[in-house]
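Peer 1: Pasting the sequence and the predicted model now:
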Amino acid sequence: MAIRWDKFTIKAQEAIQAANDAAAEHGNPEMRPLHLLRALLGDKDGVVVPVLSKIGASPESLAATALLREHLPDLKVRFVNVVDLFKMQPVAEHPHGSTEREFDSLFTTDKPVIFNFHGYPWLIHKLAYRFTNHVNLHVRGYKERGNINTPLELAILNQTDRFTLVIDVIDRVPGLSGRAAHLKEQMKNEIIKNLAYAHEQGTDRDEFNDWVWPLIPQPKIASSAGAPLTMTWGQSLPQTSRSIQCCASQRAI
């Protein structure tokens, strides 16, 4: 069935065109969801970025996921955006809660989970302690650090920034600490460099203020054994290579 472009809003048409241009620019034969995501996130006057911010979808969590995709392409990452914190506790405790099966389907039963939270970390542990994979749940959150700071500087001080999240992944995915040691050092250097810049200039670099989801060519990855990492946003976890379960950017509504 032919697409009725007149049924789309002007903004939607612009986003689709930008996604198509991005696909062509990177030599992709077809437009994929990631191209459209990049177009939507890159539209500063659109509604997508404010909506994601409103529901707690931290740019730092998304940026950490992008860094992992760029530097560790064989690492399978699931990004989950939790908009109802009651989902983090058993259904027996709250009508919005999750069953064991529902929780395990998102957070698995044995994969590392990095949870980047806008509030106090202990709250997530209190909600999720009864679930099987709570033992692998590592929560980053507010530590009451900072005063008059730039957004990235404040995130770094509370260890909820993209660089710290990448380091957490390297430290917690089995077998990754050795072969990704160079990336860990790079992330530490980025923390030092960006704190210094914020102190000197009173603002963050433009590349962080204007950050958009990058388009990264996806190499073919052979299947291998290993524990996966997951930073999730509702996608199903691929069954190839190593991965981590990581939950990014949570907010109650």
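Peer 2: Thanks, I have it. Quantities reported herein were computed from a predicted structural model and do not represent experimental measurements.

Peer 1: Strand partners (parallel or antiparallel) of the strand or helix carrying residue 115?
Peer 2: Element membership of residue 115, judged by DSSP states H and E, is strand 113-117. Using DSSP bridges, the strands paired with strand 113-117 in its sheet are strand 137-140 (parallel), strand 243-250 (parallel).

Peer 1: Share the number of residues neighbouring residue 201, please.
Peer 2: For residue 201, the count of nearby residues is 10 (other C-beta atoms under 10 Å). Where C-beta positions appear, they are placed from N, C-alpha and C, glycine not excepted.

Peer 1: For it, list the residues it contacts.
Peer 2: Residues in contact with residue 201 (C-beta atoms under 8 Å, 6 or more residues apart in numbering): none are found.

Peer 1: ok, back up a step: least reliable of the strands paired with strand 113-117 by average pLDDT, please.
Peer 2: With a mean of 50, strand 243-250 has the lowest mean pLDDT of the strands paired with strand 113-117.

Peer 1: Am I right that residue 19 is in contact with residue 41?
Peer 2: No - the criterion here is C-beta atoms under 8 Å, and residue 19 misses it with residue 41 at 10.9 Å.

Peer 1: So for the two, which residue has more residues nearby?
Peer 2: residue 19 (22 against 18).

Peer 1: Tell me if that one really is in a helix.
Peer 2: Yes - applying DSSP: H, G, I helix; E, B strand; the rest coil, one finds residue 19 inside a helix.

Peer 1: Roughly how far does it sit from residue 81?
Peer 2: 21 Å (C-beta to C-beta, to the nearest Å).

Peer 1: I'd like to check the angle between the helix or strand following the strand holding residue 115 and strand 113-117, please.
Peer 2: Proceeding N to C from strand 113-117, the next assigned helix or strand is helix 121-128, under DSSP H and E. Angle, helix 121-128 to strand 113-117, by axes from the mean of the first three to the mean of the last three C-alpha atoms, to 10 degrees: 120 degrees.

Peer 1: what's next to helix 121-128, contact-wise?
Peer 2: 85-86, 88-89, 103, 115, 117, 134, 137, 139-142, 250.

Peer 1: Return the member of the residues you listed nearest to residue 175.
Peer 2: residue 137 (20.0 Å; C-beta to C-beta).

Peer 1: That closest one and residue 80, how far apart?
Peer 2: Applying C-beta to C-beta to residue 137 and residue 80 gives a distance of 12 Å.
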